[in-house]
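J.: Make a model of this:
(2 chains)
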Number of protein chains: 2
Amino acid sequence: MRTSLCDTLGVEHPIVGFTPSEHVAAAISRAGGFGVLGCVRFNDADELDRVLDWMDRNTDGRPYGVDIVMPSKVPTEGTDVDLAEMIPAEHREFVDRTLERLGVPDLPEEDEQSDSVLGWLHSVARSHVDVALQHPVKLIANALGSPPRDVIERAHDHDILVAALAGKGEHAQRQVDDGVDLVVAQGHEAGGHTGEIATMVLVPEIVDAVGDRVPVLAAGGIGSGRQVAAALALGASGAWMGSYWLSTAEYALTAGDTAMQQALLKAGSGDTVRSRIYTGKPARLLKTRWTEAWSEPGAPEPLPMPLQNVLVSQAHRRIMRSDDPEVVSMPVGQIVGRMNEIRRVDDVMAGLLREVDETFARLDKLR
Amino acid sequence: MRTSLCDTLGVEHPIVGFTPSEHVAAAISRAGGFGVLGCVRFNDADELDRVLDWMDRNTDGRPYGVDIVMPSKVPTEGTDVDLAEMIPAEHREFVDRTLERLGVPDLPEEDEQSDSVLGWLHSVARSHVDVALQHPVKLIANALGSPPRDVIERAHDHDILVAALAGKGEHAQRQVDDGVDLVVAQGHEAGGHTGEIATMVLVPEIVDAVGDRVPVLAAGGIGSGRQVAAALALGASGAWMGSYWLSTAEYALTAGDTAMQQALLKAGSGDTVRSRIYTGKPARLLKTRWTEAWSEPGAPEPLPMPLQNVLVSQAHRRIMRSDDPEVVSMPVGQIVGRMNEIRRVDDVMAGLLREVDETFARLDKLR
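T.: Below you'll find the predicted structure:
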């Protein structure tokens, strides 16, 4: 299976894999796809720099990209401490009370003061861009639509492509007008930040809106070769997969988070929920006792981005340490129902390609 | 494009069209697809009988089906009057107040006492089955999953196939165990009653669960040949389309409802909402001032089926009479964004087939 995207990105297969794990991202690129490393976990730009050094040594010269989280409008800024002051006491009390009820232990004292995840902040995302420009990255993707124009221009000056995630046709149009080189049409069923329009409807809509100007990738609900083939049938030039890589052996190398992987392996396609509790913007998460607590009567409304993430950031660390599969806080798409065993990235990729071929052969017989 | 479904249903093209209009249903069958007439609008079994007589004369001997709305468990029953007594005053007052605010006039006195839509009642749905068995229908579909076993058996005694709509893999499994011959995997983006799992994820899940025993149709988000081709790529034996036919010239022959068609032509794919306000079960509707009123602070929670429909039934007649595109109450899927002109059914069908062929040819070049 070759599409124009293969030439655009310089890859063998039009399969882009988004992941917060450098081990997964590098393995995807080595397997002939295009690995995109999520940067939001890096509070410290120097740490990202070291990880990209590692990527440069472990991708066998194959291309890769990075994903930042940058609203095109500059949101509330500040240090962790300033932001913390903006969080209502009611919200803090709800989080504390809920974690206690769910049996999530406190952090050990030495961990309590460590930073929240700050990658959602504009300034931190900009530091990610600064670092990325010093590495041979082929693409910068932005999870929140167009990055600011100067970021797009700087990327282009370095011959780096810019991709943006879009959940509506008009967003895609604006992004391409802004200079974005590649649009990821991300449907409702996707993990993480996601809109209301499902992949089946969104992909042809965005292809019709901007497909004559830029390649369009389909995202949301893709974890098998049939789904990759369906994405191509809808007019996409390739597939953008995020959730599926969370059940790879390589992911465990970065996260070592066995409770989370266990929870994902057990979950069905109906076990997700779209909620503002993770970042303040609607994002699809694994449905657990933690997400359910936020929809009970008396639970507060989630705060806007980036305050909600600051609020739940320590809670997330407590939850991760507690290692309880029933109290996981994890973005994942409806494809989680198909994530039923831990496999290596190269095995996943080979399976996808095989099933795409079988699907094309099956469709050919219907003609 | 030929699949096994063509043999199962005795049709040329694996495209099934669900519609409340006999004019549309007959035109779909005449165009080589399979028209399925929705029966919920028939309070009076004799009227359905007369309409099926008309179908028999106007389908050129091509096969067609009917769609009933029958929960497998028998719900609250009673005449319109008994049910009316179960509706809280708060709900009635909200409906009256809202219609007044939206400028929807009262019904003329002579219309005020006419019946609610009773097709949602088990007993009325059973009368639809009785009538259907007297006609050469090829298929009875149930919008609410498996019909009761005796209904399945009676259909089979008449060599009539039974189809059920499913929104989860486990539902499909139960339906096939119950004797259902054909499963319609209906994704979140579909119009009317719909679950949470999107078509892209749901179709392969249901194909993997029951596809070795019965044909699976894909529903939800289908209104172009690319989407039909994607459905087949996902493993479906054909496409079930509902919403799209609402923008046909033939639909206007039955409904003559120009405000509704105008509203649909203007709407984008983001202009729908999934809500319990139409029937008491979650159904996707066109987003209008009427649906928005139900999500405002102070609006009551919708009642369970069938009470909610009894509650809003007179409101729906008032809304229809008022002919205001901004206050329409209409089930429709996200594909409404692609419904931008009034076309004849045969023209729609020809366009679908042409685009499927183009898509298959395009995919073939990627191999």
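J.: average pLDDT for the helix or strand harbouring residue A:352?
T.: Secondary structure from DSSP states H and E places residue A:352 in helix A:345-366. Averaging pLDDT along helix A:345-366 gives 97.
J.: In the stretch 201-350 of chain A, mark out all the strands, start to finish.
T.: A:216-219, A:238-241, A:272-275, A:283-286 (DSSP state E, counting those that start in this stretch).
J.: and these, which is most packed in?
T.: Among these, strand A:216-219 has the highest mean neighbour count (mean count of other CB atoms under 10 Å in any protein chain shown), at a mean of 31. Placement of C-beta: from N, CA and C, glycine included.
J.: Give me the helices and strands touching that one, please.
T.: The contact analysis (3 or more CB pairs under 8 Å, 6 or more residues apart in numbering or on different chains; DSSP states H and E) places strand A:216-219 against strand A:182-186, helix A:199-210, strand A:238-241.
J.: Swap in 10 Å and give it another go.
T.: strand A:15-19, strand A:161-166, strand A:182-186, helix A:199-210, helix A:225-233, strand A:238-241 (3 or more CB pairs under 10 Å, 6 or more residues apart in numbering or on different chains; DSSP states H and E).
J.: ok, which residues in the stretch 51-200 of chain A are in contact with chain B?
T.: A:167-170, A:187-190, A:195-200 (CB under 10 Å from any CB of the partner chain).
J.: which two from these end up farthest apart in space?
T.: Farthest apart among these by CB to CB are A:170 and A:189. That separation is 20.5 Å.
J.: higher neighbour count, these two?
T.: Shown here are residue A:170 and residue A:189; by other CB atoms under 10 Å in any protein chain shown, residue A:189 has more neighbours (31 against 13).
J.: what's the more buried one in contact with, if anything?
T.: A:198-200, A:219-222, A:243, A:269, A:272, A:274, A:284, A:333-335, B:187-189, B:196-202 (CB atoms under 10 Å, 6 or more residues apart in numbering or on different chains).
J.: What helix or strand is it located in?
T.: Per DSSP H and E: residue A:189 is located in neither a helix nor a strand.
J.: And the pLDDT for the closest residue to residue A:211 other than its chain neighbours?
T.: Leaving aside its sequence neighbours, residue A:211 sits nearest to residue A:235 (CB to CB, 6 or more residues apart in numbering or on different chains; 6.1 Å). On pLDDT, residue A:235 comes in at 98.
J.: How about residue A:117?
T.: You'll see residue A:117 listed with a pLDDT of 58.
J.: Break chain A down into its domains, please.
T.: According to automatic domain parsing, chain A comprises the domains A:4-75+A:118-249+A:345-366, A:80-116+A:256-327.
J.: so after the worst-scoring helix or strand of chain A on mean pLDDT, what's the next helix or strand?
T.: For chain A, counting by mean pLDDT, DSSP states H and E, helix A:109-112 ranks last in confidence among helices and strands (a mean of 68). Later in the chain than helix A:109-112, the nearest helix or strand by DSSP H and E is helix A:122-132.
J.: Run the chain-centre distance for that next one.
T.: The chain centroid and the centroid of helix A:122-132 are separated by 17 Å under CA atoms, centre = their mean, to the nearest Å.
J.: Pull out the buried residues from that helix.
T.: A:122, A:124, A:125, A:126, A:127, A:128, A:129, A:131, A:132 (16 or more other CB atoms under 10 Å in any protein chain shown).
J.: Now for the residue nearest to residue A:211: which residues touch it?
T.: A:185, A:203-208, A:211, A:216, A:218, B:224, B:226-227, B:229-230, B:359, B:362.
J.: Please list only the buried members of those residues.
T.: A:185, A:203-208, A:211, A:216, A:218, B:224, B:226-227, B:229-230, B:359.
J.: Look at residue A:35 and give its secondary structure.
T.: strand (DSSP: H, G, I helix; E, B strand; the rest coil).
J.: can I assume it is in contact with residue A:52?
T.: No: Residue A:35 lies out of contact with residue A:52 (CB atoms under 10 Å); the separation is 11.9 Å.
J.: low pLDDT regions in the stretch 101-250 of chain A?
T.: Applying pLDDT under 70 to the stretch 101-250 of chain A flags residues A:110-121.
J.: repeat that for 80
T.: Under the criterion pLDDT under 80, the flagged ranges of the stretch 101-250 of chain A are A:109-122.
J.: do the stretch 251-367 of chain A as well
T.: A:255-258, A:306.
J.: Which positions in it make contact with chain B?
T.: Checking the stretch 251-367 of chain A against chain B by CB under 10 Å from any CB, the hits are A:268-270, A:272-274, A:333-338, A:355-357, A:359-367.
J.: any residues in contact with both of residue A:35 and residue A:52?
T.: A:22, A:64, A:66.
J.: got the contact list for the second one?
T.: In other words, residue A:64. Residue A:64 makes contacts with A:9, A:11, A:16-17, A:22, A:25-26, A:28-30, A:33-37, A:52, A:55-56, A:58, A:135-139, as judged by CB under 10 Å, 6+ apart.
J.: Please name the bridge partners of it.
T.: Taking DSSP bridges as the rule, residue A:64 bridges to residue A:35.
J.: From residue A:363, how far out is it?
T.: Per CB to CB, to the nearest Å, residue A:64 is found 31 Å from residue A:363.
J.: Regarding residue A:140, what is its secondary structure?
T.: Going by three-state DSSP: residue A:140 is strand.
J.: What does the residue nearest to residue A:211 show for phi and psi?
T.: When read as degrees, to the nearest 10, the backbone of residue A:235 gives phi 110, psi 0.
J.: still on that earlier bit, out of the buried ones among the contacts of residue A:235, which comes closest to residue B:177?
T.: residue B:230 (28.6 Å).
J.: Surely residue A:122 and residue A:142 touch.
T.: No: contact between residue A:122 and residue A:142 fails when scored by CB under 10 Å: they sit 11.5 Å apart.
J.: Which residues are in contact with each of the two?
T.: Joint contacts of residue A:122 and residue A:142 (CB under 10 Å, 6+ apart) are A:68, A:69, A:70, A:71, A:72, A:148.
J.: count of neighbours near the first one?
T.: Around residue A:68 there are 24 other residues, counting by other CB under 10 Å.
J.: For it, list the residues it contacts.
T.: A:38-40, A:42, A:119, A:122, A:124-129, A:132, A:140-144, A:147, A:151.
J.: and what of the second one?
T.: Contacts of residue A:69 were listed using CB under 10 Å, 6+ apart, and they are A:38-40, A:119-122, A:124-125, A:128, A:141-144, A:147, A:192-193, A:279, A:281, A:305-306, A:309.
J.: from the stretch 1-150 of chain A, which residue is nearest to chain B?
T.: Minimum separation of the stretch 1-150 of chain A from chain B (CB to the nearest CB) falls at residue A:1, amounting to 5.2 Å.
J.: dump the residue contacts of that residue.
T.: A:12-15, A:225, A:228-229, A:232, A:238, A:352-353, A:356-357, A:359-360, B:363, B:366-367.
J.: And the buried ones among those residues, selectable in ChimeraX?
T.: Buried residues among the contacts of residue A:1 (16+ other CB under 10 Å), as a ChimeraX selection:
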select /A:12,13,14,15,225,228,229,232,238,352,353,356,359,360 /B:363,366
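J.: how far away is the nearest residue to residue A:205 once chain neighbours are set aside from residue B:333?
T.: Excluding its sequence neighbours, the residue lying closest to residue A:205 (CB to CB, 6+ apart) is residue A:169, at 4.6 Å. Residue A:169 sits 16 Å away from residue B:333, going by CB to CB.
J.: do the same with residue A:23
T.: 40 Å.
J.: The two: which has the busier surroundings?
T.: The neighbour count for residue A:23 versus residue B:333, taken as other CB under 10 Å, is higher for residue B:333 (35 against 22).
J.: so what's the more buried one up against?
T.: Applying CB under 10 Å, 6+ apart, the residues near residue B:333 are A:198, A:200-201, B:186-192, B:194, B:199, B:219-223, B:241-244, B:246, B:269, B:272, B:284-286, B:339.
J.: ok, back up a step: could you point out which of the buried ones among the contacts of residue A:235 is nearest to residue B:315?
T.: Distances from residue B:315 to the buried ones among the contacts of residue A:235, taken by CB to CB, are shortest for residue A:205, at 32.0 Å.
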